[in-house]
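Undergrad: Just the structure for this:
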Amino acid sequence: MLFEENPIDGHFAEYDHRSGEIRLAGQSFHKPVLVHKDSVCLSQCRTLSDLTPENLLSDIKPVDYPEILIIGTGAVQKFIHPKIMADFSQIGIGVECMNTESACRTLVFLHSEGRKAWAWLQP
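TA: Next up, the predicted model:
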């Protein structure tokens with residue numbers, strides 16, 4: 001069996017999700033955050049229904065869009081409306097919804113593979 005190391009670059013290799021709090025690289029957040037490859041910021045989208053391509057990508061150039069958006073929905077998995085999923089798909093962005101703890105693990109894995117993945121994480 002061949003084992004291959006996938007180093008994680010950047011500052012967000014460790015995620016911690018607690019009830020009502022997301023900890024990323026030593027910072028605590030109590031509101032939804034958007035995580036890029038090497039940055040994290042409070043998201044302007046506060047709820048799943050706010051999470052549309054227009055709201056999320058309004059000031060982003062298409063060349064900088066992620067190939068996949070991981071949506072962390074808190075302690076319980078929820079789903080965005082199929083129309084919104086179709087809107088993301090139409091511009092070439094895959095969307096996966098899962099609980100926030102799983103979303104954090106998935107994002108670390110995708111970044112370790114060098115994938116262009118973002119995450120919207122709800123505490």
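
Undergrad: Now tell me which helix or strand of the protein has the poorest mean pLDDT.
TA: Taking mean pLDDT, DSSP states H and E as the measure, the chain has strand 15-18 as its least confident helix or strand, at a mean of 62.

Undergrad: Show me what secondary structure element comes after that strand.
TA: strand 21-24 (DSSP states H and E).

Undergrad: And that following strand, how far out from the chain middle?
TA: Averaging C-alpha positions (CA atoms, centre = their mean, to the nearest Å) puts strand 21-24 13 Å from its chain's average.

Undergrad: Starting from it, tell me the next helix or strand along the chain.
TA: strand 27-29.

Undergrad: So for that next one, mean pLDDT?
TA: Throughout strand 27-29, pLDDT has a mean value of 85.

Undergrad: So in that sheet, which strands flank it, and in what orientation?
TA: Using DSSP bridges, strand 27-29 pairs in its sheet with strand 21-24 (antiparallel).

Undergrad: buried stuff in the partner strand?
TA: Neighbour-count burial for strand 21-24, counted by 16 or more other CB atoms under 10 Å, picks out 22, 24. (Each C-beta comes from the backbone N, C-alpha and C, glycine too.)

Undergrad: Alright, that wraps it up for me.
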